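Enquirer: Prediction below, plus the sequence it came from.
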Amino acid sequence: MTLHTPSPFQSPQQVAFQRNELNVILGLYGRMVAAGEWRDYGMSHLRDVAVFSVFRRTAEHPLYRIEKRPKLRLRQGQYAVIGMDGQILKRGNDLRQVLRVLERKLIRAVD
(Lines give C-alpha, C1' and ligand atoms only; values in the text may rest on other atoms or scores of the structure.)
Protein backbone atom coordinates (compact mmCIF):
# COMPACT_ATOMS: atom_id res chain seq x y z
CA MET A 1 0.00 0.00 0.00
CA THR A 2 1.38 3.40 -0.95
CA LEU A 3 0.68 6.59 0.93
CA HIS A 4 -0.10 9.60 -1.19
CA THR A 5 1.63 12.77 -0.06
CA PRO A 6 0.18 15.91 -1.62
CA SER A 7 2.47 17.85 -3.88
CA PRO A 8 3.23 21.44 -2.83
CA PHE A 9 1.70 22.46 -6.17
CA GLN A 10 -1.68 20.90 -5.38
CA SER A 11 -4.34 22.90 -3.60
CA PRO A 12 -5.22 21.79 -0.07
CA GLN A 13 -8.36 19.72 0.54
CA GLN A 14 -9.95 22.68 2.29
CA VAL A 15 -9.08 26.28 3.02
CA ALA A 16 -8.85 27.31 6.67
CA PHE A 17 -7.97 30.40 8.65
CA GLN A 18 -4.55 30.27 10.29
CA ARG A 19 -4.21 30.98 14.01
CA ASN A 20 -2.89 34.53 13.48
CA GLU A 21 -5.77 35.31 11.09
CA LEU A 22 -8.31 34.02 13.61
CA ASN A 23 -6.71 36.12 16.36
CA VAL A 24 -7.26 39.26 14.25
CA ILE A 25 -10.85 38.31 13.38
CA LEU A 26 -11.78 37.27 16.92
CA GLY A 27 -10.27 40.46 18.33
CA LEU A 28 -12.65 42.50 16.17
CA TYR A 29 -15.50 40.13 16.99
CA GLY A 30 -14.95 40.60 20.74
CA ARG A 31 -15.00 44.39 20.41
CA MET A 32 -18.23 44.25 18.39
CA VAL A 33 -19.87 41.90 20.91
CA ALA A 34 -18.87 44.26 23.74
CA ALA A 35 -20.48 47.13 21.79
CA GLY A 36 -23.68 45.08 21.45
CA GLU A 37 -23.48 44.93 17.65
CA TRP A 38 -22.80 41.22 17.11
CA ARG A 39 -24.03 38.19 19.03
CA ASP A 40 -22.93 35.00 17.24
CA TYR A 41 -20.60 33.65 14.58
CA GLY A 42 -20.09 30.60 12.43
CA MET A 43 -17.15 29.25 10.46
CA SER A 44 -17.05 27.17 7.30
CA HIS A 45 -13.93 25.65 5.81
CA LEU A 46 -14.58 24.57 2.24
CA ARG A 47 -12.44 23.47 -0.69
CA ASP A 48 -11.86 26.97 -2.16
CA VAL A 49 -12.88 29.32 0.63
CA ALA A 50 -12.89 29.74 4.41
CA VAL A 51 -15.78 31.84 5.74
CA PHE A 52 -16.26 33.54 9.11
CA SER A 53 -19.92 34.64 9.30
CA VAL A 54 -21.15 37.21 11.82
CA PHE A 55 -24.73 37.29 13.11
CA ARG A 56 -26.79 39.74 15.13
CA ARG A 57 -29.03 36.86 16.25
CA THR A 58 -28.39 33.14 15.91
CA ALA A 59 -31.26 32.25 13.58
CA GLU A 60 -30.89 34.94 10.93
CA HIS A 61 -28.74 35.47 7.85
CA PRO A 62 -25.20 36.70 8.51
CA LEU A 63 -24.64 40.45 8.74
CA TYR A 64 -21.17 40.05 7.27
CA ARG A 65 -18.99 37.30 5.87
CA ILE A 66 -15.22 37.47 6.12
CA GLU A 67 -13.84 35.25 3.37
CA LYS A 68 -10.40 33.90 2.59
CA ARG A 69 -9.88 32.75 -1.01
CA PRO A 70 -6.19 31.96 -1.55
CA LYS A 71 -6.69 31.57 -5.32
CA LEU A 72 -7.43 35.32 -5.54
CA ARG A 73 -4.22 36.25 -3.70
CA LEU A 74 -2.51 37.43 -6.91
CA ARG A 75 -5.61 39.17 -8.29
CA GLN A 76 -7.99 41.22 -6.10
CA GLY A 77 -6.66 39.86 -2.81
CA GLN A 78 -7.44 36.75 -0.82
CA TYR A 79 -9.52 38.42 1.94
CA ALA A 80 -12.94 40.00 1.49
CA VAL A 81 -15.69 41.43 3.70
CA ILE A 82 -19.09 40.81 2.18
CA GLY A 83 -22.31 42.45 3.38
CA MET A 84 -25.69 40.84 4.00
CA ASP A 85 -26.81 41.70 0.47
CA GLY A 86 -23.76 40.02 -1.12
CA GLN A 87 -21.95 43.27 -1.88
CA ILE A 88 -18.18 43.18 -1.44
CA LEU A 89 -17.38 45.97 1.03
CA LYS A 90 -13.58 45.58 0.96
CA ARG A 91 -11.05 43.22 -0.60
CA GLY A 92 -7.28 42.89 -0.28
CA ASN A 93 -4.29 40.84 0.83
CA ASP A 94 -3.87 42.51 4.24
CA LEU A 95 -6.51 41.11 6.63
CA ARG A 96 -6.23 43.98 9.12
CA GLN A 97 -6.70 46.54 6.36
CA VAL A 98 -9.72 44.70 4.97
CA LEU A 99 -11.36 44.47 8.42
CA ARG A 100 -11.07 48.24 8.93
CA VAL A 101 -14.29 48.63 6.95
CA LEU A 102 -16.04 46.93 9.90
CA GLU A 103 -14.08 48.81 12.58
CA ARG A 104 -15.46 52.08 11.21
CA LYS A 105 -18.91 50.76 12.07
CA LEU A 106 -17.69 50.16 15.65
CA ILE A 107 -16.53 53.76 15.98
CA ARG A 108 -19.95 54.98 14.84
CA ALA A 109 -21.71 52.59 17.26
CA VAL A 110 -19.76 53.97 20.24
CA ASP A 111 -20.34 57.66 19.41
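Expert: Structure received.
Enquirer: Specify the local secondary structure of the residue nearest to residue 46 when sequence neighbours are not counted.
Expert: The spatial neighbour of residue 46 that comes closest, neighbours along the chain excluded (CB to CB, 6 or more residues apart in numbering), is residue 14 at 6.0 Å. All C-beta spots, glycine's among them, are computed from the backbone N, C-alpha and C. When classified by DSSP: H, G, I helix; E, B strand; the rest coil, residue 14 comes out as coil.
Enquirer: Would you mind measuring from the residue most central in space within the chain to residue 19?
Expert: Nearest to the geometric centre of the chain sits residue 66, at 2.5 Å (CA atoms, centre = their mean). According to CB to CB, to the nearest Å, residue 66 and residue 19 sit 15 Å apart.
Enquirer: what residue ranges in the chain score low on pLDDT?
Expert: 1-12, 58-59, 105-111 (pLDDT under 70).
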